[in-house]
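S.K.: model the structure of this input:
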Amino acid sequence: MDKGRIIFIDVIKCICIIWLVGLWHMSNYTSYEGVFAHYILNDYGSCLTKTSLHLFTFFTGFFTNVYFSTSNHNSAGFYIHKLKKTYILFALSAITLYFTPNPWNGGRWMTFSQLVYSLFGLGIIYPTPAPNTLWYMDMIVLFYIITPLLLSSSLLKRISKAIIVFIMAGLCLKLSGGAIFDGRFFWYFPTFILGLFCPTIILDHFLSISTSPSKLGRCNILKLICHISESCIVVYLFHRQFVYVFHQWMGIPLLITAFLVFICSYLLYAQYNRFIKKTVRPSLR
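M.R.: All right, here's what the predicted structure looks like:
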């Protein structure tokens, strides 16, 4: 667990990932006429899903802002940091998801071209539609790619650059008739920017209320929340693969499968962190 946790953010992330994976995506594996799907797959559920994704996007921008504000790393250092923390897991997810059967059409979750474009951070730009489920992380990877450009100047210039990026993306979408740019970019890029350009006074206030793991004491609920929060990226990236193994292949009931997804995701996250710490030189940590 990290040296400091902002507990209420962990609580929000925990609620969001439980909704997104434990309810919204799990309902995909039930009958569309079933009671479970009836209460989840509706307009209210869609609104909650979009809200959860916006919150994750804001926190992504916010903690990227924290990284640049509390470290002396340059652009190369930032890319190395994201390579370790996000991209390797993202690439493993994309490759394994490519070989994971899709229960709805009998094929795979993505085509080979979608896999290649995703691995190069172009999953939401090229004519091939962004892959199902992984489209969100394709978009976040693109955000990471352009982040150093956006943060390499004064606030006014940063805002100007963000507006230019937004306009250029809009022109690409318009001129191509929507063929070469995923429109969901325009919903989430402003949210990412809000987190990325979060004023210093707000940033400092959030950081001042962080709680160290030792202060959590014996509160197992808070520890569980922190564990779910810090492993949520693995939950999102690998839940389709876990559901295939546990539910579709082994025949384990969906409710138990949902718990196994979160348990296995945390174990995978913990083992991955240990692996990174052992294999990456201290100067790059």
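S.K.: mind listing what H54 touches?
M.R.: By Cβ atoms under 8 Å, 6 or more residues apart in numbering, the residues touching H54 are W187, Y188, T191. All C-beta atoms are positioned from the backbone trio N, CA, C, and that covers glycine.
S.K.: show me what whichever strand or helix holds the last one is packed up against.
M.R.: Assigned by DSSP states H and E, T191 belongs to helix 185-196. Packing contacts for helix 185-196, counted by 3 or more Cβ pairs under 8 Å, 6 or more residues apart in numbering; DSSP states H and E, involve helix 43-70, helix 135-150, helix 155-175.
S.K.: could those go into JSON lines alongside distance to F78 and mean pLDDT?
M.R.: Formatted as JSON lines, the helices and strands packed on helix 185-196 follow (distance: least, Cβ to Cβ, whole Å; pLDDT from 0 to 100):
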{"stretch": "helix 43-70", "distance to F78": "7", "mean pLDDT": "90"}
{"stretch": "helix 135-150", "distance to F78": "6", "mean pLDDT": "91"}
{"stretch": "helix 155-175", "distance to F78": "15", "mean pLDDT": "73"}
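S.K.: indicate which one of the ones you listed is closest to A76.
M.R.: helix 135-150 (8.8 Å; Cβ to Cβ).
S.K.: dump the closest one to PDB, keeping only the CA atoms.
M.R.: Output in PDB follows, covering the C-alpha atoms of helix 135-150 (Å, rounded to 0.1, in the frame of the first residue of the first chain):
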ATOM      1  CA  TRP A 135     -11.600   1.600 -25.300                       C
ATOM      2  CA  TYR A 136     -11.400   3.500 -22.000                       C
ATOM      3  CA  MET A 137      -7.800   2.500 -21.300                       C
ATOM      4  CA  ASP A 138      -7.000   3.200 -25.000                       C
ATOM      5  CA  MET A 139      -8.200   6.800 -24.300                       C
ATOM      6  CA  ILE A 140      -6.300   7.100 -21.000                       C
ATOM      7  CA  VAL A 141      -3.000   5.900 -22.700                       C
ATOM      8  CA  LEU A 142      -3.500   8.700 -25.300                       C
ATOM      9  CA  PHE A 143      -4.100  11.200 -22.500                       C
ATOM     10  CA  TYR A 144      -0.800  10.100 -20.900                       C
ATOM     11  CA  ILE A 145       1.100  10.500 -24.200                       C
ATOM     12  CA  ILE A 146       0.100  14.100 -24.600                       C
ATOM     13  CA  THR A 147       0.300  15.000 -20.900                       C
ATOM     14  CA  PRO A 148       4.000  16.300 -20.800                       C
ATOM     15  CA  LEU A 149       3.100  18.600 -23.700                       C
ATOM     16  CA  LEU A 150       0.200  20.100 -21.700                       C
END
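S.K.: what's downstream of the helix or strand of the chain with the lowest mean pLDDT, the next helix or strand?
M.R.: One helix or strand of the chain scores below all others by mean pLDDT, DSSP states H and E: helix 200-208, with a mean of 65. The helix or strand immediately downstream of helix 200-208 is helix 220-230, counting by DSSP H and E.
S.K.: between helix 43-70 and that following helix, find me the angle.
M.R.: Going by axes from the mean of the first three to the mean of the last three Cα atoms, to 10 degrees, helix 220-230 is angled at 80 degrees with respect to helix 43-70.
S.K.: who does helix 220-230 touch, helix- and strand-wise?
M.R.: Using 3+ Cβ pairs under 8 Å, 6+ apart: helix 220-230 touches helix 7-17, helix 254-279.
S.K.: Throw those into JSON lines and include distance to T111, mean neighbour count and mean pLDDT, thanks.
M.R.: Formatted as JSON lines, those follow (distance: least, Cβ to Cβ, whole Å; neighbours: other Cβ atoms under 10 Å; pLDDT from 0 to 100):
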{"stretch": "helix 7-17", "distance to T111": "27", "mean neighbour count": "18", "mean pLDDT": "91"}
{"stretch": "helix 254-279", "distance to T111": "25", "mean neighbour count": "15", "mean pLDDT": "90"}
